[in-house]
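Visitor: Generate coordinates for the sequence data below:
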Amino acid sequence: MKNLLIAGASALMLTTACVGSLDDDYNVDPKSPTSALASGFIANAERNLVRTVVSTNVNINPFRFYVQYWAATDYPTESRYDLNTRNIPANFWNPLYRDVIRDLREAKTNIAADINLSAATKANQTAVAEVLEIYTWTVLVETFGNIPYSQALDFANSRPKYDDQAAIYSDLIARLDVALGQFVAATPTGLGANDLINGGSTASWIKFANSMKLRMALTLADVDPAKAKTLAESTVGKVLASNADVIDLTFNGTFPNTNPLYEDLVRSGRTDFAGTSFFINRLKGTDGPVSGGVVDPRLNDYFNPATNGGSFTGGNYGSTNSKSTNSLPGAKLRVQTLPGVLMSYAQVEFMIAEAIARGYSGFTGTAASHYDAAITASILEWGGTAAEATAYLAQPGVAYATAPGDYKQKIGYQKWIALYNQPTEAWKEWRRLDTPVLTAPATAISVIPVRLLYPVVEQNINGANYSEAASAIGGDVVGTKLFWDKF
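Guide: Down below sits the predicted model:
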């Protein structure tokens, strides 16, 4: 009996010791986590990414000025390319590093540590975070050039080196291939409603990642044609296939989670922006390739008629403009829940049209058929009808066979119109395709920016690496073309 008691006591001691060593497992309330959930980091990163790239706040995102969609009413400084008075470069740089990439890295760490996730769910959530991070890095590279990358966001290193922009881009493509290989198509991401962009749909993330790959391929097309061709051809049949596939974030009606356009155009009570005469006259068909007063069906969606006179009238770019005699941004842009778009179906169709025009293989259809599909998708996206799209495409200045210019000019011009509410992407594509021809206003302090300056804080705190990076790209000035911007 004594031996049995000793044995029993030993077993009790052993059990107690095991439980004591597993306190972290046994005493954790799964409904009250001690660390933030990965899904929360992903949701926050998505929100901040979309808000940054679609914002109308010219202290953050002045690109609607740069591509001459909008002119200023009271405050024309930013439309004259003054970047540093309001610290625009830092206001664009900081949220992408701090509020997007940093959060996505935290998400990936927490996903790896989460014992409650299946292997397939872990793989999908990690791939989602990686795709979002890659997209964000492309925006930074395409905006600034050389940037902190391999040493970025290391709290032990406040002075990270700047990596070569072309090398970063190449690494991002390799990372994107790895992420695509991670997805388990048959398994939902498990992010559910916390995935503000794709609602937890693995299929949508795979389409987005492949569409990103096509976008990156075309970014390289003028500097590395062979690599671009191989990358583009690997995406055939895997990209966005309809307007239902649009990659966007639908904001809600509660501040501060409303669309930032609503905040700047309605909630602020201000009227800071009017359409430019350059853009509105082209939409009206009184200037540009579409002549004879043929009105683009998107005109009354993009802008409101002027309150004084009731006509669509554009202001002078680079100057102050009347708020009553010029057309202000349209009613659809003022809706609290308007989605912020990262990638549209129209954008993808334009990319396929360009890929075919460049001679890439595997895509069905012709450059003209995908060009038509892109324009139609854009018109439908804004609430137009198929009949309106057909009538618009029948115009000699629009039809692919008769529109002026080569394929870059035909596609670039219509893409410029379609990307109206994707200003960061519109600026990038204007630089890449060099269409339409834009002229800086006489009041401008520089040429039209083809890159943003590095933030002033980088000059002050990370001076040696900043100076090296500025020298490597050809100077920290807005006229320095980035590695992919060949022409």
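Visitor: show me where pLDDT drops low in the chain?
Guide: Residues of the chain that meet the criterion pLDDT under 70 lie in 1-35.
Visitor: Please enumerate the strands of it.
Guide: 70-72, 147-148, 162-163, 247-249, 273-275, 340-343 (DSSP state E).
Visitor: longest single helix anywhere in the protein?
Guide: helix 119-144 (DSSP state H).
Visitor: Need the winner for burial among the strands of the chain.
Guide: Among the strands of the chain, strand 273-275 has the highest mean neighbour count (mean count of other C-beta atoms under 10 Å), at a mean of 29. Every residue, glycine included, has its C-beta placed from N, CA and C.
Visitor: so what secondary structure elements neighbour that one?
Guide: strand 70-72 (3 or more C-beta pairs under 8 Å, 6 or more residues apart in numbering; DSSP states H and E).
Visitor: strand partners of the strand it packs on, parallel vs antiparallel please.
Guide: In the sheet, strand 70-72 lines up against strand 273-275 (antiparallel) (DSSP bridges).
Visitor: what distance separates the partner strand from the centre of its chain?
Guide: Offset of strand 273-275 from its chain centre (C-alpha atoms, centre = their mean, to the nearest Å): 22 Å.
Visitor: Check which helices and strands the longest helix of the chain is in contact with.
Guide: Judged by 3+ C-beta pairs under 8 Å, 6+ apart, helix 119-144 is in contact with helix 38-54, helix 88-94, helix 102-113, helix 165-182, helix 202-219, helix 423-433.
Visitor: could you dump those helices to a markdown table with distance to residue 69?
Guide: Formatted as a markdown table, these follow (distance: least, C-beta to C-beta, whole Å):
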| stretch | distance to residue 69 |
| --- | --- |
| helix 38-54 | 13 |
| helix 88-94 | 17 |
| helix 102-113 | 30 |
| helix 165-182 | 27 |
| helix 202-219 | 21 |
| helix 423-433 | 7 |
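Visitor: Of those, which is nearest residue 417?
Guide: helix 423-433 (9.3 Å; C-beta to C-beta).
Visitor: tilt between that closest one and helix 38-54?
Guide: 60 degrees (axes from the mean of the first three to the mean of the last three C-alpha atoms, to 10 degrees).
Visitor: Please shift the residue numbers so they start at 13 in all later answers.
Guide: With the count now opening at 13, the last piece we talked about shows up as helix 435-445.
Visitor: Show me what helix 435-445 is in contact with.
Guide: 65-66, 73, 75-76, 78-79, 81, 151, 154-155, 230-231, 234, 359, 420-421, 423-424, 427-428, 431-432, 448, 450, 462, 493-494, 496-497 (C-beta atoms under 8 Å, 6 or more residues apart in numbering).
Visitor: residues contacting the spatially most central residue of the chain?
Guide: The centroid of the chain falls nearest to residue 354 when counting by C-alpha atoms, centre = their mean (4.3 Å). Going by C-beta under 8 Å, 6+ apart, residue 354 touches 61-62, 65, 147, 209, 220, 259-261, 434.
Visitor: Nearest to residue 319, out of the helices and strands packed on helix 131-156?
Guide: Proximity to residue 319 (C-beta to C-beta) singles out helix 435-445 among those, at 24.4 Å.
Visitor: relative to helix 131-156, how tilted is that closest one?
Guide: Between helix 435-445 and helix 131-156, the angle comes out at 60 degrees (the same axes, to 10 degrees).
Visitor: tell me the angle of helix 435-445 relative to helix 214-231?
Guide: Orientation check (the same axes, to 10 degrees): helix 435-445 against helix 214-231 gives 30 degrees.
Visitor: Looking at the helices and strands packed on helix 131-156, spot the one closest to residue 281.
Guide: Of these, nearest to residue 281 by C-beta to C-beta is helix 50-66, at 19.9 Å.
Visitor: Who are the packing partners of the closest one?
Guide: helix 114-125, helix 131-156, strand 259-261, helix 272-274, strand 352-355, helix 435-445.
Visitor: Tabulate the ones you listed (TSV), appending distance to residue 297.
Guide: Putting those into TSV (distance: least, C-beta to C-beta, whole Å) gives the following:
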stretch	distance to residue 297
helix 114-125	44
helix 131-156	32
strand 259-261	29
helix 272-274	26
strand 352-355	26
helix 435-445	21
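Visitor: Sort out which residues of the longest helix of the chain are buried, please.
Guide: Residues of helix 131-156 classed as buried: 132-156 (neighbour count, 16 or more other C-beta atoms under 10 Å).
Visitor: Could you do stretch 442-461 as well?
Guide: Buried residues in stretch 442-461 (16+ other C-beta under 10 Å): 442-445, 447-448, 452-453, 456, 460-461.
Visitor: Adding distance to residue 175, write the residues you listed out as JSON lines.
Guide: Output for the buried residues of stretch 442-461, formatted as JSON lines (distance: C-beta to C-beta, whole Å):
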{"residue": "442", "distance to residue 175": "26"}
{"residue": "443", "distance to residue 175": "21"}
{"residue": "444", "distance to residue 175": "21"}
{"residue": "445", "distance to residue 175": "26"}
{"residue": "447", "distance to residue 175": "30"}
{"residue": "448", "distance to residue 175": "33"}
{"residue": "452", "distance to residue 175": "31"}
{"residue": "453", "distance to residue 175": "35"}
{"residue": "456", "distance to residue 175": "31"}
{"residue": "460", "distance to residue 175": "27"}
{"residue": "461", "distance to residue 175": "22"}
